[in-house]
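> below: sequence and its predicted model.
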Amino acid sequence: MELEVLIDQFQKKDAKAFEALYQMYNDSIFGVINTIVKNDDIATEVMQDVFIKAWNKADTYAAKKGRFFTWLLNIARNAAIDKTRSKSFKNSQQNQDIDFFVHSIESNDQLDSKVNAIGIKKYVGKLAEKCKQVIEFLYFKGYTQKEASEELDIPLGTIKTRNRNCIGELRKALEV
Amino acid sequence: MDSKEYIESGILELYVAGALSQKENEEVYAMMQQYPEVKQEVLSIEAAVVSLTAATATRDTSSIFDTIKKKLGLSSSTASDADETPVIPLQEKKSSSLFRYAGWAAAIVFATGLLYTAVLYNDLESEIEIVRAEREDLKNKIYEANSDLTAANELLDALRTKDIITVPLGGQQVSPESYAKVYWDKKSNSIYLDLQGLPEPPPGKVYQVWSLKLNPLTPTSLGVIEDFAGDKDKVFDLENANESEAFGITLEPAGGSESPTLEQLYTLGVVASNP
């Protein structure tokens, strides 16, 4: 089914469309949340809240404002960051590397049953350090271009071009 | 800017990341509508990012959807059994206008309640502030009272000491009504003066306390009473290491004098020869 149609039905509170979208994005959303909270159980809990929220405020999404995936991504990152700031969140955290997502991918046994897994593992293994950082900040942490530029101490325009090159490498590996 | 340049700028990657402003997002959307190649580029970038982020999922969460549905109270129908009628949407359509109005009314009542609560909260907040200040005040008073009490107890203890010498000072010519008492603790070389019976000194004047030797008359200043008016119980303590034979109190200019102004001798008393 066309993505636009699915989204439209989802916004009309169609549970089947909701499920289809869930199965399309649950791994991504879980991965992003887990990159922030760094705990599978907490990430699962947060992911439930994220999709419940998405369902409840489905009507606030508008194609004009951005991609549906990006919209979900935003809800997920905000919920995950809120979680890390909550009182109940005990940060006993193992891995505080800024490229935590690379670690997740490289150690991910789940991947072996999935399409493109080889491409992804190869890709992150070869990624330049500066690509790991910019990708972690922009896609997993939800930094704006300005925030990423300040955090990495590189010019605003460089973020844009560096990120394009990094995603370009990824697309080559995935052939998309 | 043509579409190729636009694509090369890297803005579309930021668009998928959600790193652009709302205004920029709308611009990108307009470009996507205008140029199919821009839209295609966005779809490819999105596919790559979805794959990348999905690869970080260290747990299979596909079955979690059931929990989510349960929490939302959605019907158990899945994509596979299409015949089952979803319950929730039907109920929503059926809801009569009466229910809708009731909903609005409830919303208004709720909003009013919320507002009232907010006002109440503010009031309480300032009340708490006042109570807090009052409590602070009380605490200080208790503290003062406690230290007053301690001082009084110390004084009482001192006056009850066995070896204390009591010297009553009688009023003199300049102020016959005046009187005072000296309690002299020879061991600790200190004296307590009870000056309850002296009038308040006029402005610019202070009482000065003297230890006297009588033969020949030799006065030694023990000090001036700086804050006579401000002292509530009019009991003062001074040091006295002299072999005093008498005590006198004179009125002197502020700061005190080298030797007593005998015309302004208020009270005088002789130490009993052998207590």
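Nice, thanks for sending it over. Numbering: from 1, shown residues only, chains lettered A, B, ... in the order given.

> the helix of greatest length in chain B - what's its average pLDDT?
Counting by DSSP state H, the longest helix found in chain B is helix B:97-160. For helix B:97-160, mean pLDDT is 83.

> immediately after that helix, which helix or strand?
Counting by DSSP states H and E, the element after helix B:97-160 in chain order, helix or strand, is strand B:164-171.

> next SSE after that following strand?
strand B:179-185.

> can I see the domain layout of chain B?
B:3-58, B:95-160, B:164-270 (automatic domain parsing).

> any weak-confidence spans in chain B?
Within chain B, the ranges that satisfy pLDDT under 70 run B:76-96, B:274-275.

> how close does residue A:82 get to chain B?
16 Å (CB to the nearest CB, to the nearest Å). Yep, even glycine has a C-beta here, placed from its N, CA and C like the rest.

> ok now the helix or strand that that residue is a member of, how far from the chain's centre?
Following DSSP H and E, one finds residue A:82 within helix A:68-85. Helix A:68-85 sits 9 Å away from the centroid of its parent chain (CA atoms, centre = their mean, to the nearest Å).

> and what of stretch A:55-73?
15 Å.

> ok, now stretch A:41-57?
That offset, for stretch A:41-57, works out to 14 Å (CA atoms, centre = their mean).

> is chain B contacted by that stretch?
Yes - counting by CB under 8 Å from any CB of the partner chain, contacts between stretch A:41-57 and chain B involve A:43, A:44, A:47, A:48, A:51, A:52, A:55, A:56.

> same question for that stretch: list its buried residues.
A:42, A:43, A:44, A:45, A:46, A:47, A:48, A:49, A:50, A:51, A:54, A:55 (16 or more other CB atoms under 10 Å in any protein chain shown).

> check stretch A:5-15 too.
A:6, A:7, A:9, A:10, A:11, A:13, A:14, A:15.

> can you check stretch A:73-90 too?
Those would be A:73, A:75, A:76, A:77, A:79, A:80, A:81, A:83, for stretch A:73-90 by 16+ other CB under 10 Å.

> mind putting the residues of stretch A:41-57 next to chain B in TSV, pLDDT and secondary structure included?
Formatted as TSV, the residues of stretch A:41-57 next to chain B follow (pLDDT from 0 to 100; DSSP: H, G, I helix; E, B strand; the rest coil):
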residue	pLDDT	secondary structure
A:43	93	helix
A:44	94	helix
A:47	95	helix
A:48	95	helix
A:51	96	helix
A:52	95	helix
A:55	95	helix
A:56	94	helix
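
> quick check: the farthest pair among these?
Largest separation among the residues of stretch A:41-57 next to chain B by CB to CB: A:43 and A:56, giving 20.2 Å.

> tell me the pLDDT of residue A:38.
89.

> report how many residues lie close to it.
20 (other CB atoms under 10 Å in any protein chain shown).

> go ahead and confirm it touches residue A:103.
No - using CB atoms under 8 Å as the test, residue A:38 is too far from residue A:103 to be in contact (9.7 Å).

> about what we covered before: turn the buried residues of stretch A:41-57 into a markdown table, including distance to residue B:43.
Listed next are the buried residues of stretch A:41-57 as a markdown table, based on distance: CB to CB, whole Å:
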| residue | distance to residue B:43 |
| --- | --- |
| A:42 | 32 |
| A:43 | 27 |
| A:44 | 29 |
| A:45 | 31 |
| A:46 | 28 |
| A:47 | 24 |
| A:48 | 28 |
| A:49 | 28 |
| A:50 | 23 |
| A:51 | 23 |
| A:54 | 21 |
| A:55 | 24 |
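
> identify the residue spatially nearest to residue A:73, adjacent ones excluded.
Nearest residue to residue A:73, sequence neighbours excluded (CB to CB, 6 or more residues apart in numbering or on different chains): residue B:18, at 5.8 Å.

> contacts only, for that neighbour.
Shown here is residue B:18, whose contacts under the criterion CB atoms under 8 Å, 6 or more residues apart in numbering or on different chains are A:66, A:70, A:71, A:73, A:74, A:142.

> for chain B, state which of the buried residues of stretch A:73-90 is nearest.
residue A:73 (5.8 Å; CB to the nearest CB).

> report pLDDT for that closest one.
96.

> could you do residue A:96 as well?
Reading off the model, residue A:96 has pLDDT 57.

> all strands for chain A, in order.
Counting by DSSP state E, chain A has no strands at all.

> care to break it down by domain?
A:3-85, A:100-174.

> least confident of these, on average?
The bottom spot among the domains of chain A, by mean pLDDT, belongs to domain A:100-174, with a mean of 84.

> quick one: end-to-end distance for it.
21 Å (CA to CA, to the nearest Å).

> identify the residues contacting residue B:6.
Taking CB under 8 Å, 6+ apart as the test, what residue B:6 contacts is B:12, B:31, B:35, B:38.

> name the member of the residues you listed with the most neighbours.
Highest neighbour count within those, by other CB under 10 Å: residue B:12, with 25 neighbours.

> ok, residues contacting the host helix or strand of it?
Using DSSP H and E, residue B:12 maps to helix B:11-17. For helix B:11-17, the surrounding residues in contact (CB under 8 Å, 6+ apart) are A:66-67, A:69-70, A:73, A:138-139, A:142, A:145, A:159-160, A:163-164, A:167, B:6, B:20, B:24-25, B:28, B:38, B:41-42, B:45-46, B:49.

> and if we set it to 6 Å?
Residues external to helix B:11-17 that are found in contact with it (CB atoms under 6 Å, 6 or more residues apart in numbering or on different chains): A:70, A:138-139, A:145, A:163-164, A:167, B:20, B:28, B:41-42, B:45-46, B:49.

> dump the residue contacts of the residue most central in space within chain A.
The C-alpha lying nearest the average C-alpha coordinate of chain A belongs to residue A:32 (CA atoms, centre = their mean; 3.8 Å). By CB under 6 Å, 6+ apart, the residues touching residue A:32 are A:76, A:140, B:53.

> next one: the spatially closest residue to the second one that is not a sequence neighbour from residue A:111, what distance?
Meaning residue A:140. Excluding the flanking residues, the one nearest residue A:140 by CB to CB, 6+ apart is residue A:35, at 4.5 Å. Counting by CB to CB, to the nearest Å, the gap from residue A:35 to residue A:111 is 15 Å.

> quick check on these two: which one has the bigger neighbour count.
The neighbour count for residue A:35 versus residue A:111, taken as other CB under 10 Å, is higher for residue A:35 (25 against 22).

> that one against residue A:103, yeah?
No - contact criterion CB atoms under 6 Å: residue A:35 and residue A:103 do not qualify, at 9.2 Å.
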